[in-house]
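*Asks:* Okay, sequence plus prediction incoming.
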Amino acid sequence: MGLSEEQEILVKESWEVLKLDIPHHSLRFFTLILEIAPAAKNMFSFLRDSDEVPQNNPKLKAHAVKVFKMTCESAIQLREKGEVVIPDSSLKHLGSVHLKNGVIPPHFEVVKEALLRTIKEAIGDKWNDEIGSAWGEAYDQLAAAIKNEMKQ
Ligand code: HEM
Ligand code: ISQ
């Protein structure tokens, strides 16, 4: 299912707000993932050797930003072409990184919930259900592509 122009705009506008404080929102996103699924802790290299979420870890920040950015790009593609297209090489890379670290399909729901809650907190009063379903749809289709790659 594609996205409407309105939905694409909603996603882009909230991504602009997230960008204003990447360190905070990245950390919040990651913290929410662990809050929802504490067992995910051991999958992440930047957490394996510590008890607390590192407050200023460049890798954590970079990966979190990439998830936001890729979801935003998926929303644009869903409006433009009605489907999410990820270059083969990067899809293969993402599939193998997640497989190697023990990620399984139900984990994708955890990351979705954490992503939506992070956006909701970031944009505050501007949040509404349309924004949630636009990000949710873009995320679901991006996740489907990665999960499909992990099956091969
Ligand atoms: C790594 C994106 C879902 C756990 C990564 C990386 C990216 C990424 C860009 C860095 C890859 C690299 O090292 O080059 C995404 C996207 C997702 C998604 C776009 C969904 C649409 C998930 C889920 C989990 C997860 C559901 C499980 C809770 C991990 C782990 C790593 C990783 C454990 C390796 C981190 C490390 O130790 O370096 N992900 N991810 N990801 N992701 Fe995801
Ligand atoms: C990797 N994959 C999915 C979500 C993430 C959130 C924060 C840091 C890394 C991540």
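*Replies:* That came through fine. Ligands and ions are numbered 1, 2, ... in the order given.

*Asks:* List phi and psi for the closest residue to residue 152 other than its chain neighbours.
*Replies:* Leaving aside its sequence neighbours, residue 152 sits nearest to residue 95 (Cβ to Cβ, 6 or more residues apart in numbering; 7.2 Å). For glycine as for every other residue, the C-beta is placed from the backbone atoms N, C-alpha and C. Main-chain torsions, residue 95, degrees, to the nearest 10: phi -60, psi -50.

*Asks:* how about the residues of the chain near ligand 2?
*Replies:* Contacts of the chain with ligand 2, taken as Cβ under 6 Å from any ligand atom, map to 29-30, 33, 60, 63-64, 67, 111.

*Asks:* Among those residues, which ones are in helices?
*Replies:* Among the residues of the chain next to ligand 2, the members falling in helices (DSSP state H) are 29-30, 33, 60, 63-64, 67, 111.

*Asks:* So among the residues you listed, where is pLDDT lowest?
*Replies:* Of all these, residue 60 has the smallest pLDDT value, namely 94.

*Asks:* That one reaches residue 46, doesn't it?
*Replies:* Yes - using Cβ atoms under 8 Å, residue 60 is in contact with residue 46, at 5.1 Å.

*Asks:* Please say which of the two ends up with more neighbours.
*Replies:* A direct count of neighbours by other Cβ atoms under 10 Å for residue 60 and residue 46 places residue 60 higher, at 21 against 15.
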